[in-house]
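*Asks:* output the structure for:
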Amino acid sequence: MAKQVSPLNIYPLLPDDCESLFGTSKMAVATQLAGKKMKVSDVKEIYDKLPPEFAEKYEKLADLLSPAIREIEIGAGDKKIIIGGDDVMFRHTLSFYNKPPVAVDVWDTMSDDELFERINKIQSFQKFYVGDFLYLDMIAVRSTSGNPETFGKCVEKIIAHSDLPLILCTKDAKIMRAGLDAADGKNPLMYACDVKNRKEMTTLALEFDVPIVITAAGNLDETKSLSATLQKDGVSKIVIDPGTASYSAGFKKTFQNFIKLRKAGLDGDKDLAFPLIALPIAARKSNPRANEKLPQEIVADYHETITASALTVRYADIMIIHGLGGHELLPIVHVTDMIYTDPRTPSSVEPKLYQIGNPDSSSPVLFTTNFALTYYTVESDLASAGFDGYVLAVNTGGLGVEAAVAGGQLTAEVVKKNFEEARFNFEETDYQTLVLPGLAARLQNEIEKSMNIAAVVGPMDSGRLAKWLEENWPPEKKT
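*Replies:* Okay, the predicted model is just below:
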């Protein structure tokens with residue numbers, strides 16, 4: 001249940017003079033392609049300049065490296081989104097690719113003020129996390145008017161106000177055409193095609209050359225048949241809706257359908273090897289717990305969040321939600337970010353000396369590792385306390401302090417070397433003192449000897465660092 005290509009399969013398809021073409025060995029190129037550190041599209045320009053016989057080798061290489069689950073593009077320009085592209089059932093086997101975009105709905109019966117206010121909320125949402133911002137990605141436009149002209153005008157207003165990719169939501173082909181006309185050139189995702197509107201929706205998908213969602217209300221046999229029929233008719237940009245229920249037995253079936261479809265796709269079923277769309281928004285349409293003491297909206301928020309989070313793990317490639325409250329959005333964007341972080345590559349920051357605030361020669365000097373979560377936690381704790389100082393992010397390959405000390409990636413010699421590379425001179429400071437993380441206390445004596453400075457051990461938890469510095473800085477001057 002995993003498509004894993006060996007560098008040995010790639011090696012015969014590469015040109016012999018990789019050293020001159022790529023600046024590295026043939027096996028190194030094969031290894032990078034196998035591990036997706038290099039994309040097959042990255043080598044196309046080089047193959048195009050090679051003799052004609054290499055055209056066939058490139059085609060074989062592209063087929064060999066194509067993901068088991070088809071990649072589908074939605075949107076255009078800088079905001080274009082790619083979904084799908086996975087090769088494995090479990091993240092720890094290799095990695096998941098193409099983080100699932102989160103689309104928030106609007107509808108065509110909203111007033112202009114309501115519409116623009118909601119769009120502004122979607123576009124302005126951001127959450128800083130481990131050195132980067134998490135955003136919302138798309139707008140799903142629902143037809144609630146039942147009128148093609150109203151829907152088309154709504155889409156026009158959204159495009160004039162936002163460059164986020166769109167999902168056009170209606171099963172009425174006339175309404176869908178109005179939306180596609182308004183969004184011409186924006187490559188929106190059509191939702192949705194079923195057995196009743198298949199012919200009309202297929203015609204639109206081909207005419208506008210846009211991706212389309214197929215849906216069969218959770219019937220997997222009918223889903224496979226729909227996919228095969230659309231492909232026979234010439235449609236290749238397909239997204240599958242397994243059906244989404246958020247409560248009790250309905251959610252159990254939803255969860256199982258997502259797993260069955262992904263397994264079938266990875267096992268080579270070409271009719272089912274497409275990205276999956278989840279609709280956590282469905283939690284608001286049918287709420288069997290509406291009579292509980294909690295307000296219905298709170299219950300719906302909870303189940304929408306749980307559904308989105310669970311299906312991100314198994315195996316939603318894109319989703320539509322309704323809620324815009326922080327209590328709902330934060331869990332969803334954090335889960336999508338964490339699950340789609342490559343487990344083979346620790347999240348890290350550039351190993352270098354960072355200045356916090358406006359330090360001078362009397363300011364504290366600290367170090368931590370270049371593991372992103374560790375560095376940004378330390379930086380945030382110090383910056384929020386208004387401290388001025390220097391923090392060296394030591395290159396440990398992205399490991400945290402405790403693991404790096406235990407594994408030998410964080411030693412006195414490594415710390416010394418990193419300060420030398422940063423061209424930091426302790427003799428130019430007033431106290432010639434370095435503050436160690438509490439988890440690196442065992443390095444204290446070695447650092448003092450090798451660097452000829454004073455070393456003091458700070459707290460184990462950076463949350464107590466600001467208070468510790470208030471009580472322990474400045475130290476006695478080194479004589």
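
*Asks:* can you pull out the helices in the stretch 251-400 of the chain?
*Replies:* Assigned by DSSP state H, counting those that start in this stretch, the helices in the stretch 251-400 of the chain fall at 296-313, 326-339, 372-384.

*Asks:* so residue 154 sits against residue 140, correct?
*Replies:* No - contact criterion CB atoms under 8 Å: residue 154 and residue 140 do not qualify, at 11.9 Å. Heads up, the C-betas are built off the backbone N, CA and C, glycines and all.

*Asks:* okay, and the common contacts of those two?
*Replies:* Listed contacts common to residue 154 and residue 140 are residue 106; contacts here mean CB atoms under 8 Å, 6 or more residues apart in numbering.

*Asks:* measure the residue nearest to residue 84 when sequence neighbours are not counted to residue 48 for me?
*Replies:* Nearest residue to residue 84 in three dimensions, chain neighbours excluded: residue 275, at 3.6 Å (CB to CB, 6 or more residues apart in numbering). Between residue 275 and residue 48 the computed distance is 29 Å (CB to CB, to the nearest Å).

*Asks:* between those two, which one's more packed in?
*Replies:* Neighbour count, other CB atoms under 10 Å: between residue 275 and residue 48, residue 275 has more, with 28 against 10.

*Asks:* pLDDT score assigned to that one?
*Replies:* pLDDT, residue 275: 98.

*Asks:* just residue 92 next, same as before
*Replies:* The model's pLDDT for residue 92 equals 86.

*Asks:* just the one 3 residues further on next, same as before
*Replies:* At residue 95, the predicted lDDT confidence score is 89.

*Asks:* from residue 92, how far off is the closest residue to it other than its chain neighbours?
*Replies:* Take residue 95 and drop its neighbours on the chain: the residue closest to it by CB to CB, 6+ apart is residue 342, 4.4 Å away. Plainly put, residue 342 is 11 Å away from residue 92 if you go by CB to CB.

*Asks:* residue 255 too?
*Replies:* 20 Å.

*Asks:* the two: which is more packed in?
*Replies:* A direct count of neighbours by other CB under 10 Å for residue 255 and residue 92 places residue 255 higher, at 18 against 8.

*Asks:* in this structure that one contacts residue 312, no?
*Replies:* No - Residue 255 is not in contact with residue 312 according to CB under 8 Å; the separation is 11.9 Å.

*Asks:* so what touches stretch 375-388?
*Replies:* Counting by CB under 8 Å, 6+ apart, 130-131, 349, 354, 356-360, 363-364, 366, 368-369, 389, 391, 393, 462-463, 465-466, 469 sit against stretch 375-388.

*Asks:* could you rerun that using 6 Å?
*Replies:* Applying CB atoms under 6 Å, 6 or more residues apart in numbering, the external contacts of stretch 375-388 come out as 130-131, 349, 356-359, 363, 368, 393, 462-463, 465-466.

*Asks:* out of the residues you listed, the closest to residue 454 would be?
*Replies:* Checking the contacts of stretch 375-388 against residue 454 by CB to CB gives residue 363 as the nearest, at 15.1 Å.

*Asks:* count of residues packed around that closest one?
*Replies:* 21.

*Asks:* next one: the residue positioned nearest the centre of the chain from residue 340, what distance?
*Replies:* Taking CA atoms, centre = their mean as the criterion, residue 99 is the residue nearest the geometric centre of the chain, at 3.4 Å. Residue 99 sits at a distance of 4 Å from residue 340 (criterion: CB to CB).

*Asks:* what is the neighbour count of the closest residue to residue 357 other than its chain neighbours?
*Replies:* Distances taken as CB to CB, 6+ apart put residue 388 closest to residue 357, at 3.6 Å, once the chain neighbours are dropped. Residue 388 has 15 neighbouring residues, counting by other CB under 10 Å.

*Asks:* and residue 388, how far from residue 366?
*Replies:* As judged by CB to CB, residue 388 and residue 366 stand 12 Å apart.

*Asks:* sorry, back to before: kindly give a single ChimeraX line that selects the buried subset of the contacts of stretch 375-388.
*Replies:* Those of these that count as buried under 16 or more other CB atoms under 10 Å are selected in ChimeraX with:
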select :130,349,356,359,363,368,393,462,465,466
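
*Asks:* OK, contacts around the residue nearest to residue 84?
*Replies:* Contacts of residue 275 by CB under 6 Å, 6+ apart are 72, 83-84, 239, 317.

*Asks:* how close does it sit to residue 70?
*Replies:* 7 Å.

*Asks:* now residue 223
*Replies:* Counting by CB to CB, the gap from residue 223 to residue 70 is 15 Å.

*Asks:* more neighbours: the two, which one.
*Replies:* residue 223 (24 against 18).

*Asks:* low-confidence ranges in the chain?
*Replies:* 1-2, 286-294, 477-479 (pLDDT under 70).

*Asks:* and it, what are its domains?
*Replies:* Following automatic domain parsing, one finds the domains of the chain at 7-65, 72-339, 353-472.

*Asks:* how about the strands in the stretch 151-300 of the chain?
*Replies:* 166-169, 189-193, 212-215, 238-241, 277-278 (DSSP state E, counting those that start in this stretch).

*Asks:* how many residues are close by residue 351?
*Replies:* 18.

*Asks:* from residue 52, how far off is it?
*Replies:* On the measure of CB to CB, residue 351 and residue 52 end up 46 Å apart.

*Asks:* same deal with residue 185?
*Replies:* For residue 185 relative to residue 52 (CB to CB), the value is 35 Å.

*Asks:* of those two, which one has the most company?
*Replies:* Higher neighbour count among residue 185 and residue 52: residue 185, with 9 against 6, using other CB under 10 Å.

*Asks:* one step back: which among the contacts of residue 275 end up buried?
*Replies:* 72, 83-84, 239, 317.

*Asks:* ok, now which ones touch residue 246?
*Replies:* Residues in contact with residue 246, defined by CB under 6 Å, 6+ apart, are 283, 303, 307.

*Asks:* report the buried residues of stretch 255-266.
*Replies:* By neighbour count on 16+ other CB under 10 Å, the buried set for stretch 255-266 is 255, 257-258, 261-262, 264-266.

*Asks:* and the closest residue to residue 255 other than its chain neighbours, how many neighbours?
*Replies:* Once flanking residues are discounted, residue 255 sits nearest to residue 314: 6.3 Å by CB to CB, 6+ apart. When neighbours are counted by other CB under 10 Å, residue 314 registers 17.

*Asks:* tabulate the buried residues of stretch 255-266 in JSON lines, adding columns for distance to residue 36.
*Replies:* Formatted as JSON lines, these follow (distance: CB to CB, whole Å):
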{"residue": "255", "distance to residue 36": "28"}
{"residue": "257", "distance to residue 36": "28"}
{"residue": "258", "distance to residue 36": "23"}
{"residue": "261", "distance to residue 36": "23"}
{"residue": "262", "distance to residue 36": "19"}
{"residue": "264", "distance to residue 36": "23"}
{"residue": "265", "distance to residue 36": "18"}
{"residue": "266", "distance to residue 36": "16"}
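
*Asks:* out of these, who's nearest residue 218?
*Replies:* residue 257 (5.9 Å).

*Asks:* which residues does the closest residue to that closest one other than its chain neighbours contact?
*Replies:* Leaving aside its sequence neighbours, residue 257 sits nearest to residue 242 (CB to CB, 6+ apart; 4.1 Å). Counting by CB under 6 Å, 6+ apart, residue 242 touches 257-258, 261, 276.
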